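Asks: Fold the following for me, if possible:
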Amino acid sequence: MKTISSRVSEPASALKGGAYAVIKKFLVGFTLFALLCGLTAPAFAEEAPAPGTAMEATATAAAPVEAAPVAAPAPTPNKGDTSWMLVATLLVIMMAIPGLALFYGGLVRSKNMLSVLMQVFSIFALIVVLWAIYGYSLAFTQGNAFIGGFDRLFLKGIFDPVTGAVANAATFSKGVVIPEFAFVAFQATFAAITVALIVGSFAERMKFSAVLLFSALWFTFSYLPIAHMVWFWPGPDAFTSADAAAAAVAASGWLFQKGALDFAGGTVVHINAGVAGLVGAYMVGKRVGYGKEHFTPHSLTMTMIGASLLWVGWFGFNAGSALEAGGTAALAFINTLNATAAAALTWTFAEWLLKGKPSMLGAASGAVAGLVAITPACGWVGVGGGLVIGALAGVVCFWGVTGLKKLLGADDALDVFGVHAVGGILGALLTGVFNTWKLGGTGILDYVNNTVIDTEIGAQLWIQAQAVLTSVIWSGVVAFICYKIVDVTIGLRVSEEEEREGLDTALHGERAYNL
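Replies: Numbers count the residues shown, from 1 in each chain. The predicted structure is shown next:
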């Protein structure tokens, strides 16, 4: 390597006489002065160089300082997890359209078939749009314990059009993420099918315009707050220490703070929708001829097809709620399979025993009851717990649509309360029972110490009961107010003449069948 004097000697050969000597003495003198004063190369870097420049590299190399610790790279989504979440989202869409639509449509009279299909289809579209505008932001961003904020209005901040980057959303494992758009879409389907479930309670008699207005109001003031209370948290990576964990829990939803366990929507979806449906059945009133005429389902074939689509789609609903393609998703999957089968059988045998004949409607209803009851528990209980929950759901929900329905005296046309609210309550409570290791459950995660801990049945059952009571009261009060607003503005119910004619032709100008 050349010295300073050798570097300047090459161009200096062209200089003549004294000029060369003067310049040489000046450079040698300046170099000695710089060394004496400590003006070495790093001292000139008082102005911070731009990252990655040659000046920065030179200064770093010359300074005998300890290297700064290298920050851990930001987590990137796993393609398997992302693919599973997209498939799970498609399965939940299939649950609603056409699954729920066909299940409900087959249960009403033929003159109202299209009205039910139209209500489910239109509600799904409406809620998806509202979810993108403000629903996701209010449910899944930080605000207070009861509702989120406005950071994600119109889904802003998720996609960077300049770089093409998509923000990530946390899962339930530290350092594991999925694209936030995948989480947004997945949760949109939950919101949409929850609102659509309610129409079964007031089927065959409510105005289409009233259905849409009620759906928008109830979604905003009941679904979004309960989803935030139960499911919002900052994610596992926020739990780095005891103090950080306390701060993360304080920023979470109210029922999450209490430790409520709801894997896929027992409180958020089923109790929420079932209670709103019962309130609607009371406020809209009974169908013309209820208790005097025999309302026979016009197509149990359609109902069976719908129930089958619901069963298949529910694997996306429950196993997808793991947010990852791993062991927890597999546990939720097998519990969903087993509990549904057990409930279909117990409902069938209960009906066979008490009514003398097993029916297709009973088997289909039992399957849905099992799906509902296992929803909050599917990722929190073992196989034995899942089978017990399913078996009990078939019997309890059978009572819900027979004995309890008579006690309540409401015309809950398609038994939304008896199946979804009763099944959801049963499943939510039994999650607290079967989550413990003693009964084969998973326990809960301690993210600070990165371990799994057990739960006590009594304590967890009380927490689950608080979540159930909160959902029942919140949904019931909000539903009553929303129905009342709709009633005084545009009216809830069609005229008696339109109801007798059938909503297909009276409201939509179409017939389901032209035979």
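Asks: contacting residues for Asn335?
Replies: Asn335 makes contacts with 318, 374, 377-379, 381, 383, 385-386, as judged by Cβ atoms under 8 Å, 6 or more residues apart in numbering. In short, each C-beta sits where N, CA and C put it, glycine included.
Asks: Please identify which helix or strand holds it.
Replies: Using DSSP states H and E, Asn335 maps to helix 327-355.
Asks: What's the mean pLDDT across that helix?
Replies: Taken as a whole, helix 327-355 has a mean pLDDT of 98.
Asks: And for stretch 437-447?
Replies: Stretch 437-447 carries an average pLDDT of 97.
Asks: Which residues outside it are in contact with it?
Replies: Residues from elsewhere that reach stretch 437-447 (Cβ under 8 Å, 6+ apart): 172, 174, 236, 239, 245, 259, 261, 331, 379-385, 433-436, 451-455, 457.
Asks: ok, back up a step: just put the contacts of Asn335 in CSV and tack on neighbour count and distance to Phe150.
Replies: Shown next, in CSV, are those (neighbours: other Cβ atoms under 10 Å; distance: Cβ to Cβ, whole Å):
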residue, neighbour count, distance to Phe150
Asn318, 31, 31
Ile374, 35, 35
Ala377, 36, 34
Cys378, 35, 32
Gly379, 27, 31
Val381, 31, 37
Val383, 13, 43
Gly385, 25, 40
Gly386, 29, 39
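Asks: So which of these is the closest to Glu351?
Replies: Of all the contacts of Asn335, the one sitting nearest Glu351 is Ile374; the distance, using Cβ to Cβ, is 20.3 Å.
Asks: Compute the distance between that closest one and Ala325, please.
Replies: 20 Å (Cβ to Cβ, to the nearest Å).
Asks: Over to Pro75?
Replies: 16 Å.
Asks: More neighbours: these two, which one.
Replies: Neighbour tally, Pro75 and Ala325, criterion other Cβ atoms under 10 Å: the higher count belongs to Ala325, 20 against 15.
Asks: For the residue nearest the centre of the chain, give me its contacts.
Replies: Nearest to the mean C-alpha position of the chain, counting by Cα atoms, centre = their mean, stands Gln187 at 3.8 Å. By Cβ under 8 Å, 6+ apart, the contact set of Gln187 is 131, 136, 139-140, 227.
Asks: Need the buried ones from the contacts of stretch 437-447 selected in PyMOL.
Replies: Under the burial definition 16 or more other Cβ atoms under 10 Å, those of the contacts of stretch 437-447 that qualify are selected in PyMOL by:
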select buried, resi 172+174+236+239+245+259+261+331+379+380+381+382+385+433+434+435+436+455
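Asks: The contacts of stretch 437-447 in strands, which ones?
Replies: Assigned to strands by DSSP state E, the following of these qualify: 451-453.
Asks: Please convert the residues you listed to TSV, extending it with pLDDT.
Replies: As requested, these are arranged in TSV below (pLDDT from 0 to 100):
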residue	pLDDT
Thr451	96
Val452	97
Ile453	97
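Asks: Distance-wise, check Phe256 relative to Val230.
Replies: From Phe256 to Val230 the distance is 6 Å (Cβ to Cβ).
Asks: Those two: which has the busier surroundings?
Replies: Val230 (28 against 20).
Asks: Tell me which residues are up against the helix or strand hosting that one.
Replies: Using DSSP H and E, Val230 sits in helix 224-231. With contact meaning Cβ under 8 Å, 6+ apart, helix 224-231 is reached by 135, 138-140, 143, 145-148, 187, 190-191, 253-256, 260, 262, 267-268, 272, 467, 470-471, 474-475.
Asks: let's see it at 7 Å
Replies: 135, 138-139, 145-148, 253-256, 260, 262, 267-268, 272, 467, 471, 474 (Cβ atoms under 7 Å, 6 or more residues apart in numbering).
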